[in-house]
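Colleague: 3D, please:
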Amino acid sequence: MSRRSLLLGTAALGALGVAGTAGCSRVSSGDALARLKTQGTVRLGIAGEVPYGFVDDQGEFTGEAPELARVIFKRLGIDSIQPVATDFASLIPGLNSQQFDVVSAGMYINKERCEQVIFSDPEYQMLDSFIVRKGNPKNLRTYEDVVKAKAKFSTGTGYAEIGYAVAAGIPEKEIIILQDQVAGLNAVESGRVDVFAGTALTTREVVKKSSKAEATDPFAAIVDGEKQIDGGGFAFRPTDTELRDAFNVEIHKMKKSGELFRILKPFGFTENEMTTLTAEELCR
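Modeller: Numbers count the residues shown, from 1 in each chain. I've put the predicted structure just below:
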């Protein structure tokens with residue numbers, strides 16, 4: 001299970017039976033929704049991150065965001081989705097350089113990202129959690145605990161948890177950046193680090209088969225005295241407001257009917273992670 005890895009090359013995309021190229025060509029400007037309806041295909045930027053968007057053991061392209069995208073874009077008149085895999089940190093640059101049409105990676109919505117792209121309202125909300133040794137010998141349950149214990153702290157490439165750790169007083173130069181939560185689990189199990197910070201969902205999933213590590217209870221990071229509750233959504237180019245708005249109409253229908261939770265539940269989401277937060281609130 002990998003949060004930032006499992007990246008697909010062109011060959012892997014071909015194995016999935018995806019039509020077309022890996023999304024390097026430029027696309028025309030104008031009404032994105034109308035254009036995508038005409039094309040019949042929407043290109044989704046993913047980061048090979050379980051459970052958000054990834055390739056499973058059978059070589060099938062899946063994840064909470066792609067499965068949600070399949071349903072919504074079909075209702076918008078776009079029958080086919082095409083995965084375009086890249087490193088997580090390259091998702092927004094790739095979207096704005098038109099390598100794909102939408103970021104479908106459960107991306108956290110925050111002020112910095114909202115200055116570069118526009119987001120749908122979030123499909124989920126999320127708290128943080130730590131991967132620690134069994135029994136949590138250093139009693140690490142918050143970022144402040146890590147500071148007090150002078151513990152070796154790690155998290156993943158591009159994770160929001162980097163900022164939360166720095167805000168709590170962990171020097172950025174001392175943060176050990178690992179590829180994903182699997183690498184984090186391995187580092188904790190081997191004793192190379194004391195803690196790996198990630199989302200409550202990914203940490204609880206990755207430790208399920210571990211005899212040496214466990215996930216702490218979910219908690220909200222504190223930044224400038226305020227609790228941080230994150231929400232993940234789809235990212236669109238700033239010019240594609242009509243496409244984003246049409247997407248939002250459908251996702252709100254699915255929230256109201258309960259269909260959204262039914263799609264996300266197989267990927268480890270609970271009712272506590274369903275949300276009424278809006279992108280506008282998270283962008284502040």
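Colleague: and the top helix by length along the chain, average pLDDT?
Modeller: Using DSSP state H, we find that the single longest helix of the chain is helix 241-257. Averaged over helix 241-257, pLDDT sits at 98.
Colleague: for the helix or strand that that helix is followed by, name the packing helices and strands.
Modeller: Next along the chain after helix 241-257, taking DSSP states H and E as the criterion, comes helix 259-264. Secondary-structure packing of helix 259-264 (3 or more Cβ pairs under 8 Å, 6 or more residues apart in numbering; DSSP states H and E): helix 64-75, helix 241-257. Quick note: C-beta positions are derived from backbone N, CA and C, even for glycine.
Colleague: chain center to the helix or strand that the shortest one is followed by, what's the gap?
Modeller: Past helix 64-75, further along toward the C-terminus, the next helix or strand under DSSP H and E is strand 80-85. Relative to the centre of its chain, strand 80-85 is centred 16 Å away, using Cα atoms, centre = their mean, to the nearest Å.
Colleague: and strand 80-85, which strands flank it?
Modeller: strand 41-46 (parallel) (DSSP bridges).
Colleague: so which elements touch the helix or strand just after the strand it pairs with?
Modeller: Next helix or strand after strand 41-46 toward the C-terminus (DSSP H and E): strand 54-55. If you count contacts as 3+ Cβ pairs under 8 Å, 6+ apart, strand 54-55 packs onto strand 61-62.
Colleague: show me what the strand it packs on is packed against.
Modeller: In terms of contacts (3+ Cβ pairs under 8 Å, 6+ apart), strand 61-62 is packed against strand 54-55.
Colleague: still on that earlier bit, so the longest helix of the chain versus helix 64-75, what angle?
Modeller: 110 degrees (axes from the mean of the first three to the mean of the last three Cα atoms, to 10 degrees).
Colleague: residues contacting helix 241-257, please?
Modeller: For helix 241-257, contacts defined as Cβ atoms under 8 Å, 6 or more residues apart in numbering pick out 31-33, 36, 68, 71-72, 75-76, 101-102, 118-121, 123, 234, 236, 259-260, 263, 274, 276.
Colleague: need the buried ones from the residues you listed selected in PyMOL.
Modeller: In PyMOL, this line selects whichever of the contacts of helix 241-257 come out buried by 16 or more other Cβ atoms under 10 Å:
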select buried, resi 32+33+36+68+72+76+101+102+118+119+120+121+123+234+236+260+263+274
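Colleague: would you say T155 is within a strand?
Modeller: Yes. The assignment for T155 by DSSP: H, G, I helix; E, B strand; the rest coil puts it in a strand.
Colleague: which residues does it bridge with?
Modeller: Applying DSSP bridges to T155, the residues it is bridged with are I177, A197.
Colleague: quick one, what contacts it?
Modeller: 161-162, 165, 175-178, 184, 196-198.
Colleague: for the stretch 1-150 of the chain, what spans make up the strands?
Modeller: Applying DSSP state E, counting those that start in this stretch to the stretch 1-150 of the chain gives strands spanning 41-46, 54-55, 61-62, 80-85, 102-108, 118-119, 124-126, 128-133.
Colleague: so what are the sheet partners of the longest one and their directions?
Modeller: According to DSSP bridges, strand 102-108 has the following sheet partners: strand 41-46 (parallel), strand 230-236 (antiparallel).
Colleague: what about it, distance to the chain center?
Modeller: For strand 102-108, the distance to the chain centre is 6 Å (Cα atoms, centre = their mean).
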